[in-house]
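K.L.:
Build me a model:
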Amino acid sequence: MKMNAEKPEAKALTLDERSNAIIVSFDSKWHQPFLNSEFSVVIRKRVPRDRTFEWIYAHIKSPIGAICGRARIKSIGTMGADQALSLYKSINLSKDEIAEYISGEDSIGFYAIDQYDIAINPANTELINDYLKYSPPQSFTILSTVAKKTIDEICGFDNSFPLKALNLEA
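P.N.:
Numbers count the residues shown, from 1 in each chain. Take a look at the predicted model:
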């Protein structure tokens with residue numbers, strides 16, 4: 001059942017709409033490592049300036065094309081290239097892969113994460129767009145409170161699966 005009213009934006013457009021969560025896109029090669037909690041640090045060229053977010057939602061790119069899980073953010077920040085290289089086991093990349101990604105920069109953004117929650121029902125972009133205006137982020141998207149609640153319901157993170165709050169039960 002699709003909602004007939006104007007769909008809200010997934011992205012928080014104002015400070016008042018902001019939730020405590022962001023969505024980050026991951027290449028499909030990270031799907032199984034995410035499901036298996038095989039890394040505790042994610043490095044990115046761009047991270048939010050606001051370092052108070054509590055959740056990172058993993059949008060796994062094509063061919064999966066879905067939010068497949070979330071993890072609690074322990075911290076967000078920047079680190080020197082040397083520190084990133086020393087954390088290669090936590091990042092789950094070789095030192096050469098990290099050096100190539102950083103490509104000569106002095107520092108890199110990072111998310112330290114734990115407490116992985118795997119989606120009971122991975123939410124593909126088409127399903128999310130039944131309820132929200134959503135497109136996967138290039139780097140990260142700050143979720144609105146409405147979007148976080150909706151995605152939690154779709155994925156089953158709030159233990160409401162099947163989607164009681166969205167009136168989808170048969």
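K.L.:
Grab the longest helix from this protein for me.
P.N.:
If you go by DSSP state H, the chain has its longest helix at helix 145-155.
K.L.:
so where's this structure shaky on pLDDT?
P.N.:
When residues are selected by pLDDT under 70, those of the chain lie in 1-5, 159-170.
K.L.:
Name the residue closest to the centre of it, please.
P.N.:
Nearest to the geometric centre of the chain sits residue 57, at 2.4 Å (C-alpha atoms, centre = their mean).
K.L.:
Any idea what that residue is bridged to?
P.N.:
Beta-bridge partners recorded for residue 57 (DSSP bridges): residue 23, residue 70.
K.L.:
So it versus residue 76, what's the distance?
P.N.:
Distance, residue 57 to residue 76, by C-beta to C-beta, to the nearest Å: 14 Å. C-beta: built from backbone N, CA, C; applies to glycine.
K.L.:
returning to what we had before: now the longest helix of the chain: buried residues?
P.N.:
Buried residues in helix 145-155, counted by 16 or more other C-beta atoms under 10 Å: 146, 147, 148, 149, 150, 151, 152, 153, 154, 155.
K.L.:
rewinding a little: tell me the contacts of the residue nearest to the centre of the chain?
P.N.:
Counting by C-beta atoms under 8 Å, 6 or more residues apart in numbering, residue 57 touches 21, 22, 23, 24, 67, 69, 70, 143, 151.
K.L.:
Redo the residues you listed as TSV? Include distance to residue 100.
P.N.:
Output for the contacts of residue 57, formatted as TSV (distance: C-beta to C-beta, whole Å):
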residue	distance to residue 100
21	30
22	25
23	25
24	20
67	27
69	26
70	28
143	30
151	32
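K.L.:
now these: which count as buried?
P.N.:
When the contacts of residue 57 are checked for burial by 16+ other C-beta under 10 Å, the buried set is 21, 22, 23, 24, 67, 69, 70, 143, 151.
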